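In: Using only what follows, build the 3D model:
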Amino acid sequence: MLYAKLSLSHKFIKSFSLLVVISCISFQLNVFADSDPKKDIAEGYRIKGFEAQKRGNFNNALTFYSKAVELGLENAVVYNDLGVLYEQLNIRSKAESFYLKAIELDPHYLPAYTNLGYLYKAQKNTKLAEKYFIKRYELSEPGDIWADKIKTELVQINPSYKEWITSREAEKMTSDLEEDAKREFYEKVSRSSEYLKNGEKLYKEQYYKEAVEEFDRALELMPNSPKILAARDKARIDLAKQEIETQTDQAIKLINQGDYDSASSELKSILAAIENKPMLRSK
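Out: Numbering: from 1, shown residues only. Presented below is the predicted three-dimensional model:
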């Protein structure tokens with residue numbers, strides 16, 4: 001949402017831009033939703049103040065805003081509205097004090113920083129304009145369309161800010177990449193832990209083949225985990241034993257049936273599995 005002024009170069013544009021600030025804010029009517037009738041009345045006055053300000057009836061707007069504050073509606077939004085109103089009335093000292101009050105109440109309320117920057121710019125107070133533009137830029141979030149506007153203002157004040165902004169954005173990008181890498185790592189650890197837990201459960205229930213599959217999934221995410229490697233090796237050995245026991249039972253059954261050739265083949269297969277058992281412990 002466009003909270004701050006678009007330009008202060010012409011009186012009409014400035015007035016229109018200031019109204020943009022408060023018109024966007026007007027949609028935040030539920031911010032003060034409360035069962036307290038006094039606060040509801042105060043919010044009602046604030047809305048009436050905004051409507052009067054839109055119509056250009058600044059005296060009524062000031063009356064309604066003042067009543068809202070008297071009833072306890074003290075927050076960054078209403079004080080920013082008052083700042084905009086006084087700036088429209090060309091009472092800049094009052095506008096400044098209300099913008100500062102808005103920031104005092106909510107240090108992260110961005111429209112007040114923007115409005116102060118443009119107020120000081122109009123007064124040719126470059127030092128203070130620079131101060132609040134910098135703060136506004138530093139508090140901007142990704143996707144904030146005002147960030148580019150503020151960058152332009154800073155570079156106009158001092159071209160050297162272009163290098164500072166580029167450096168800061170590079171640092172931010174690096175920081176974001178590092179955060180993404182950390183988040184991805186923690187996600188891998190979490191998913192790997194789930195596979196490990198599933199594998200351990202299957203192992204206890206003697207579903208060794210399924211347990212090995214779960215441990216393999218866990219290792220795809222955390223290849224060098226000693227805990228997962230040990231769990232998989234144990235499961236693979238017990239799976240081999242389970243398969244050998246099954247083959248042995250089958251060989252005995254074939255002998256009892258008189259099928260000695262098939263029994264011999266099964267026994268040879270068992271011996272081969274036993275000989276290769278060390279290979280089953282690791283890849």
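In: So what's the residue count around N224?
Out: Other residues lying near N224 total 7 when counted by other CB atoms under 10 Å. No exception for glycine: its C-beta is placed from N, CA and C like everyone else's.
In: does L202 count as helix, strand or coil?
Out: Classification of L202 using DSSP: H, G, I helix; E, B strand; the rest coil returns helix.
In: I'd assumed F215 was in contact with it.
Out: No: assessed by CB atoms under 8 Å, L202 is found out of contact with F215, at 9.2 Å.
In: who has more neighbours, those two?
Out: Taking neighbours as other CB under 10 Å, L202 and F215 compare with F215 leading, 28 against 19.
In: tell me which element the more buried one is part of?
Out: helix 208-221 (DSSP states H and E).
In: got a list of contacts for that helix?
Out: With contact meaning CB atoms under 8 Å, 6 or more residues apart in numbering, helix 208-221 is reached by 188-189, 191-193, 195-196, 198-200, 202-203, 225, 228-229, 231-232, 235-236, 238-239, 242.
In: Any stretches of the protein with poor pLDDT?
Out: The chain contains residues with pLDDT under 70 at 1-35, 170-173, 175-178, 263, 266, 270-283.
In: Going along the chain, name the helices of it.
Out: Here the chain has its helices, by DSSP state H, at 11-25, 37-54, 58-70, 76-88, 92-105, 110-122, 126-139, 145-157, 161-204, 208-221, 226-256, 260-275, 277-280.
In: residues contacting G143?
Out: With CB under 8 Å, 6+ apart, G143 has no contacts at all.
In: Pull up the gap between it and P111, please.
Out: In this view, G143 and P111 are 16 Å apart by CB to CB, to the nearest Å.
In: Endpoints of stretch 156-166, how far apart?
Out: 15 Å (CA to CA, to the nearest Å).
In: Buried residues, that stretch. List them.
Out: With burial defined by 16 or more other CB atoms under 10 Å, the residues of stretch 156-166 counted as buried are 157, 161, 165.
In: What is the nearest of those to L62?
Out: When those are ranked by distance to L62 (CB to CB), I157 comes first, at 32.3 Å.
In: I'd say the closest one and K124 touch.
Out: No: I157 is beyond contact range of K124, at 11.0 Å (criterion: CB under 8 Å).
In: Now do the phi/psi pair for N57.
Out: When quoted as degrees, to the nearest 10, the phi and psi of N57 stand at phi -90, psi 80.
In: Quick check: it vs N80, distance?
Out: 19 Å.
In: same check, this time on A42
Out: 16 Å.
In: again with D259
Out: D259 sits 93 Å away from N80, taking CB to CB as the criterion.
In: try Y45
Out: Distance, Y45 to N80, by CB to CB: 16 Å.
In: hmm, back to that, N57 and N80: which is more packed in?
Out: N80 (30 against 14).
In: Can you tell me the closest non-neighbouring residue to the more buried one?
Out: A102 (4.4 Å; CB to CB, 6 or more residues apart in numbering).
In: Over to V69?
Out: Once flanking residues are discounted, V69 sits nearest to V78: 6.4 Å by CB to CB, 6+ apart.
In: Count the neighbours of Y113 for me.
Out: By other CB under 10 Å, 28 other residues sit near Y113.
In: Please tell me how far it sits from K209.
Out: In terms of CB to CB, Y113 sits 63 Å off from K209.
In: Ok, K149 next?
Out: From K149 to K209 the distance is 62 Å (CB to CB).
In: More neighbours: which of those two?
Out: K149 (17 against 12).
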